[in-house]
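Participant: pasting a predicted model and its sequence here:
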Amino acid sequence: MAVAGGSTVSDQTEAAQPHWSSRFAFVMAAIGSAVGLGNLWRFPAEAGANGGGAFVVFYIFCVVLIGLPLLLSETLIGRHGGSSAVESAKTVARDSGVSTGWSALAGVGVLGAFFILSFYSVVAGWVLYYVGVFAGDLVGALGGNLAGGAFAGQDQAAIEALLPALFADPVMLVSLHALFMAVTLFFVARGVSSGIEVVAVWLMPTFFALFLGITVYGAFTGAFAEAVDFLFAFNPERLLHPDVMLSALGQAFFSLSLGSALMITYGAYAGRDTNLAQSSLIIGGADTAVAILAGLCIFPIVFAAGLDAAAGPALMFVSLPVAFQAMPFGSLIGLLFFLMVGFAALTSSVALLEAPSSWLMHRFRVSRGRAAILVAGAAFVAGIFSALGYNLLADVRPLAWWPSFARLDILDSIDTVTGKILLPLSGLLTAIFIGWIADRRLIDAENGLSGGTQLLWRFLVAWLCPIVLTAILVLGIFPGLIG
Ligand code: PHE
């Protein structure tokens, strides 16, 4: 059983700080937060839209050299502080004898998590819709042709029309968004060990079993070689393109749940016996493996059906269902696939709700239930705009004044501003804080590293992260600078 973390006893709520019931629970919850729509929906879409290989290479660079060092930095801030992300960062600053203004790094993250939650739940609502569609189809198929593909008797056009029809229905979109947010709220309100942890410990292993099964199935039935070629063929002319780099960086942050106060929040529930460096490696490794495997799961199916790899967000919701139509046992595979995506999304949305709720709980001393209801309610309302951006507000372009982002609809604008700006900004502040400002002895005592790995980590956090993050942020946001 873990003991209360953090060396500070100044905060009286410390005694009430909940903890994971085991190291396994911490790692599963953190992997659960990391693995989600980011891996299954966003990664293949981004890789496809950015030309495959170059994106993937730079993505891996970002994960290993920037993501992992920051993951450790965030979890250690959390464990030392043992409170909400903002309070934990304040404690580290206070114990280092520097300004508590540095807690802004977590404040930016909390804001990011809130906005991601707002649209994440909308997209997860689409997943629920497809779970329903395939479940209905399976029931139909049970009467007769179970071994056949999905939607027997329907043509491709009818299946392609499903998503536009859903998008055109604001009531349906908002209802599914409400349903998903309510389920998320239910688990967060139950608390760390009886809610968040339960979801992670049960759903993540189920997710992995389904995921591996479908990937192997896709590898045998789909165009596997073509997918490998697409994802890993090296196209150097695109590698250093600022757009591709910013996309890969944003994706790495989004996927690893970095810069969103989350890893600080979850780190705060970790016991002193948890090796944070080792856990970070496992979390980062699992998340990257799932992203790459998701590519190897989705693209073979897409290529085998002769569909477009650059279909973007529609890849998972249009291309895959079309492909399932042609596959043996398509209804069953489709149902299992979308169930699996739903599980992964839930363990992430729970995390997205927990980070801002924990801040509210500690900042205003409100109960967990109240804090979670307030955040979920506000995120639900904010998410309605993203949902309506597909129908009633389809012409709205919130960033019309910003050349590189001018064409984005409401959901994509929020996604872009958080993923490409807020999260990397929080990461940059974290790197500067941990690399240069915070007390070294305090950090060394938390991070579980020694010798060469300690030096390497310190170099990456103090030098590489700030330089690369600043360069990419500036180039990505002001593409005109390099002509
Ligand atoms: N990492 C999650 C995903 O890939 C999204 C997320 C971001 C969750 C930030 C928590 C915090 O889907």
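Facilitator: Sure thing, it's come through. Numbering: from 1, shown residues only.
Participant: average pLDDT for stretch 163-181?
Facilitator: Per-residue confidence for stretch 163-181 averages out to 96 on the pLDDT scale.
Participant: now that stretch: buried residues?
Facilitator: Residues of stretch 163-181 classed as buried by neighbour count (16 or more other C-beta atoms under 10 Å): 163, 166-167, 169, 172-174, 176-178, 180-181. (C-beta placed from N, C-alpha, C; glycine too.)
Participant: contact partners of it?
Facilitator: Stretch 163-181 has contacts (C-beta atoms under 8 Å, 6 or more residues apart in numbering) with 121-122, 124-126, 128-129, 314, 317-318, 345-346, 349, 376, 379-380, 383-384, 387-388, 390-392.
Participant: among those residues, name the buried ones.
Facilitator: Members of the contacts of stretch 163-181 that pass the buried threshold by neighbour count (16+ other C-beta under 10 Å) are listed as 121-122, 124-126, 128-129, 314, 317-318, 345-346, 349, 376, 379-380, 383-384, 387-388, 390.
Participant: in helices only, show me these.
Facilitator: In this view, the buried ones among the contacts of stretch 163-181 that belong to helices under DSSP state H are 121-122, 124-126, 128-129, 314, 345-346, 349, 376, 379-380, 383-384, 387-388.
Participant: can you pull out the helices in the stretch 151-300 of the chain?
Facilitator: Across the stretch 151-300 of the chain, reading from the start of the chain, the helices by DSSP state H, counting those that start in this stretch fall at 156-160, 162-167, 170-190, 197-221, 224-232, 236-239, 242-255, 262-267, 276-304.
Participant: can I get those helices in CSV with distance to the ligand?
Facilitator: Below are those laid out as CSV (distance: least, C-beta to the nearest ligand atom, whole Å):
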stretch, distance to the ligand
helix 156-160, 25
helix 162-167, 20
helix 170-190, 11
helix 197-221, 12
helix 224-232, 18
helix 236-239, 23
helix 242-255, 4
helix 262-267, 4
helix 276-304, 7
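Participant: can you tell me which of the ones you listed the model trusts least?
Facilitator: helix 236-239 has the lowest average pLDDT among those, namely a mean of 70.
Participant: which bits of this protein sit near the ligand?
Facilitator: Applying C-beta under 6 Å from any ligand atom, one finds that the chain approaches the ligand through 33-34, 36-39, 113, 116, 254-255, 257, 260, 262, 348, 351-352.
Participant: ok, which pair from those residues is furthest apart?
Facilitator: N39 and A113 (17.4 Å; C-beta to C-beta).
Participant: any idea how far I333 is from A323?
Facilitator: According to C-beta to C-beta, to the nearest Å, I333 and A323 sit 9 Å apart.
Participant: higher neighbour count, these two?
Facilitator: Neighbour count, other C-beta atoms under 10 Å: between I333 and A323, A323 has more, with 28 against 24.
Participant: mind saving the C-alpha coords of stretch 17-28 as PDB?
Facilitator: Coordinates of the C-alpha atoms in stretch 17-28 are reproduced here as PDB (Å, rounded to 0.1, in the frame of the first residue of the first chain):
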ATOM      1  CA  GLN A  17      -5.200  13.000  -0.900                       C
ATOM      2  CA  PRO A  18      -6.200   9.700  -2.500                       C
ATOM      3  CA  HIS A  19      -3.700   7.200  -3.900                       C
ATOM      4  CA  TRP A  20      -3.600   4.500  -6.500                       C
ATOM      5  CA  SER A  21      -4.000   1.200  -4.800                       C
ATOM      6  CA  SER A  22      -1.000  -0.300  -6.600                       C
ATOM      7  CA  ARG A  23       1.800   0.600  -9.000                       C
ATOM      8  CA  PHE A  24      -0.100  -1.400 -11.600                       C
ATOM      9  CA  ALA A  25      -3.100   0.800 -11.100                       C
ATOM     10  CA  PHE A  26      -1.000   3.900 -11.700                       C
ATOM     11  CA  VAL A  27       0.600   2.600 -14.800                       C
ATOM     12  CA  MET A  28      -2.700   1.300 -16.200                       C
END
